[in-house]
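[1] Could you work out the structure for the sequence below:
(one chain, ligands or ions: 1)
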Amino acid sequence: MQHADPAHTRPVSVWPPVPPGAESPVIPDAAPPVRVTLSDGSMHWLVSRYADVRTVLSDSRFSADDQHPGFPRLIPLPPLPGGLSFLRMDPPRHDVLRRVLTPRFTVRRIEALRPAVERTAEELLDGMERGGPPADLVQAFALPLASRTLCELLGVPYRDHAMFQEHSTNVVATDTDPDTATASFTVLEEYLAELVEEKRARPTDDLIGAALAQQESAALTDEDVVALARLMLIAGHETTANMISMSVLTLVRHPERAAALRGAPELLRPAVEELLRYLAVVRDGIARVATERVRLGGQVIEAGEGVVVSLQSANHDAAAFPDAAELDLGRDARGHVAFGYGVHQCIGQALARVQLQIALTALLRRFPRLRGTVAPEDLAFREFSVVVGPRSLPVAW
Ligand code: HEM
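    Numbers count the residues shown, from 1 in each chain. Now for the predicted structure:
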């Protein structure tokens, strides 16, 4: 993403900075809306102030429907009928489809998953210990923890993880060519369509089973059920895995903070909120289109113009978070927008929090001397993606 008006851009001091050697979007400081050009040449508005971001995400004059010609194409996937399910729909249809899943995501239900997530985390750490240092924290821990939890919840066999991890990654990458992105999307679709048919024949008590059970009452087509499963698989995967890896990376860079957390487990919940705010792994990946003329932050956004929302800038806006560039694990960071805001606010956030809390607690306890074995500036980042994170994170203990 390039800024049409560089006067409005100033990198904020967040870490990691631009990886060496990688062409990277400038991380914009929270500022009034500015015009930006995407790599496909299309012009949109970049909205970065906390208050403006919350307005865009909660005002019904901004649509999440990517069938609209003005919608910013942040990923190369062409708009498909039924697309990414309710993520790309507006109310009332959005609400109908989302409500099929919400009973499965209440805090109570997600809290009940804690013992299973803890078991998975411990098993993965056993594996890391057996293999001995060094280990790649992404492949040995972050990705399988996120993936196994999600598979369990959705009712997708974990044995197929290599296949759907590869294809989910392709779909959220911003530098995949459109043919590869479409092919990956189709592979996921065919795989899930087959699985849905199996579950129709033999009902299961998982998310796909729950969607099938409501097919009639919620007027869901077969395609709707597959699209729900696909959305969950894509949205719940890279996000949590990258957030775990980025959090660990941040803690190994700040061993004194890791030590403080180890000594005071009650700090863990606020620390996870602060890491979510500070790291905002879904950085500039949220898009909308104005359906009416809107005045926002001193600018006029015309009907049909696209808007790219920077969650990272909003989370680093000093008007909302004093000393916003500082990582302060003790601060009250609630109110951050790492999970978005408004009707599309992340449905999986309670689960993501539980996974992060468990991942960090288990790691800090098992490996008190956890450290990175590669200098941060030499790490490769998955940077051309709606979700950022390290491709690998070699650690020792
Ligand atoms: C740290 C981890 C996560 C982060 C940072 C994150 C971030 C986000 C953000 C920013 C949105 C809003 C998108 C928009 O407004 O266009 C969102 C929506 C969504 N997320 Fe998450 N997410 C995470 C984990 C998960 C998990 C674990 C799941 C599933 C189990 C999940 C499922 C979804 C779904 C289905 C939506 C669409 C909601 C809607 O459109 O109503 N996410 N997420």
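
[2] CA atoms for contacts and neighbours, from now on please.
    OK.

[3] What ranges does the stretch 201-350 of the chain have for its helices?
    Here the stretch 201-350 of the chain has its helices, by DSSP state H, counting those that start in this stretch, at 207-213, 222-235, 238-253, 255-263, 268-279, 311-315, 349-366.

[4] Deepest-packed of these, please.
    Compared across the helices of the stretch 201-350 of the chain, helix 311-315 shows the largest average neighbour count, a mean of 30 (mean count of other CA atoms under 10 Å).

[5] Can you name the residues of the stretch 201-350 of the chain sitting close to the ligand?
    231-232, 235-236, 239-240, 243, 281-282, 286, 338-340, 343-349 (CA under 6 Å from any ligand atom).

[6] repeat that for 5 Å
    Taking CA under 5 Å from any ligand atom as the contact definition, the stretch 201-350 of the chain meets the ligand at 235-236, 239-240, 339-340, 344-348.

[7] The closest residue to Pro134 other than its chain neighbours: how many residues sit nearby?
    Of all residues not flanking Pro134 in the chain, Ala396 sits nearest, at 4.7 Å (CA to CA, 6 or more residues apart in numbering). Neighbours of Ala396 under the rule other CA atoms under 10 Å: 18.

[8] same check, this time on Gly306
    Using other CA under 10 Å, Gly306 has 27 other residues around it.

[9] got a pLDDT number for the residue nearest to the spatial centre of the chain?
    Taking CA atoms, centre = their mean as the criterion, Thr239 is the residue nearest the geometric centre of the chain, at 3.3 Å. The model reports Thr239 with a pLDDT of 93.

[10] give the contact list for it.
    Thr239 makes contacts with 281-282, 387, as judged by CA atoms under 8 Å, 6 or more residues apart in numbering.

[11] ok, now which ones touch the residue of the stretch 1-150 of the chain found nearest the ligand?
    Per CA to the nearest ligand atom, Leu87 is where the stretch 1-150 of the chain lies closest to the ligand, at 3.3 Å. Applying CA under 8 Å, 6+ apart to Leu87 gives the contacts 64, 94, 231, 344.

[12] Which of those has the largest number of neighbours?
    Neighbour max across these (other CA under 10 Å) = Ala64, 23 neighbours.

[13] looking at it, that residue is touching Ser85, isn't it?
    No: under the criterion of CA atoms under 8 Å, Ala64 makes no contact with Ser85, lying 10.9 Å away.

[14] Count the residues that sit near Val156.
    Val156 has 23 neighbours, counted by other CA under 10 Å.

[15] Let me fix that, I meant to ask about Ala162.
    Neighbour number of Ala162 under other CA under 10 Å is 10.

[16] Double-check that it belongs to a helix.
    Yes: assigned with DSSP: H, G, I helix; E, B strand; the rest coil, Ala162 falls within a helix.

[17] Just the buried ones from the contacts of Thr239, in PyMOL syntax?
    The buried residues among the contacts of Thr239 can be selected in PyMOL (16 or more other CA atoms under 10 Å) with this line:
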select buried, resi 281+282+387
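
[18] With distance to Gly372 and pLDDT as new columns, can the contacts of Thr239 be given to me in TSV?
    Output for those, formatted as TSV (distance: CA to CA, whole Å; pLDDT from 0 to 100):
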residue	distance to Gly372	pLDDT
Val281	20	88
Val282	23	88
Val387	22	83
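
[19] quick one: which of the contacts of Thr239 sit in strands?
    Taking DSSP state E, every one of the contacts of Thr239 sits outside strands.

[20] Just the closest of the contacts of Thr239 to Asp323, please.
    Ranked by distance to Asp323 (CA to CA), the contacts of Thr239 are led by Val281 at 19.6 Å.
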